[in-house]
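**Student:** need coordinates for the following:
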Amino acid sequence: MMFNKRFTQITILIVFFLGLSACATTPRNPCDEEIASLETQGVQVIQRGETLRLILPADNFFNPETTKLYSDQADTLAIVAALTQCGCYASLPIRVTGYADNVGTIKKQQKRSLQEARDITAFLWAHGIPLHRIRVQDFGARGSIASNETPVGSYYNRRVEINLP
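**Tutor:** Numbering: from 1, shown residues only. Take a look at the predicted model:
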């Protein structure tokens, strides 16, 4: 009798935890359309369970001289905003992190990466994402994912990442 009760409790827990990751395990995620659209627009999407990581190359989204958002990227960022409000992502906290390459002083790198992260945050807020869900960070050149010795490596290092959760 004790074995059956324990087995039932364990089964319920397993079903509960499997249900938590329903966003990634359901055959048709309600957010699949937004994810597919972002991937065709140059945004790298990495999805693991309910964790979602969006990598926006800074050169595609920001003017290198002014660090202002390119106006032609508004549609792509609107899809990002819609995705953060879609299905299981709608209540998750959002972390927006800016990264830079190693060009210029450390202060300039951090200023640029922070400004780019703030610009993305302002866009999300303007599209209905409450600020209490968003945390802004910058790592400057400390978060390199490629060598800064080549232009391609620098391109990959200059980015803004949006992580849920």
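**Student:** who's Arg95 bridged to?
**Tutor:** Beta-bridge pairing for Arg95 (DSSP bridges): Arg135, Asn163.
**Student:** one more: Pro57?
**Tutor:** Under DSSP bridges, the beta-bridge partners of Pro57 are Arg159.
**Student:** so how far is Ala146 from it?
**Tutor:** 11 Å (CB to CB, to the nearest Å). For every residue, glycine as well, the C-beta is placed using N, CA and C.
**Student:** with neighbour numbers in mind, choose between these two.
**Tutor:** Shown here are Pro57 and Ala146; by other CB atoms under 10 Å, Pro57 has more neighbours (16 against 13).
**Student:** I'd say Pro30 and Gln85 touch.
**Tutor:** No - applying CB atoms under 8 Å as the test, Pro30 and Gln85 come out as separate, 11.1 Å apart.
**Student:** look at the two and report which has more neighbours.
**Tutor:** Gln85 (16 against 12).
**Student:** which residues in the protein form strands?
**Tutor:** Remark: strands assigned in the chain by DSSP state E are 44-48, 51-57, 94-99, 134-140, 159-164.
**Student:** show me where this structure has helices.
**Tutor:** Along the chain, the stretches classed as helices by DSSP state H are 2-20, 22-25, 32-40, 58-61, 74-84, 106-126, 151-157.
**Student:** which one of these has the lowest average pLDDT?
**Tutor:** Of all these, the minimum mean pLDDT falls on helix 2-20 (a mean of 47).
**Student:** measure Arg46 to His132 for me?
**Tutor:** Let me fix one detail, which is that residue 46 is Ile and not Arg. With CB to CB as the criterion, Ile46 and His132 are 25 Å apart.
**Student:** more crowded one of those two?
**Tutor:** A count of neighbours by other CB under 10 Å puts Ile46 above the other of Ile46 and His132, at 11 against 7.
**Student:** this completes my enquiry, with thanks.
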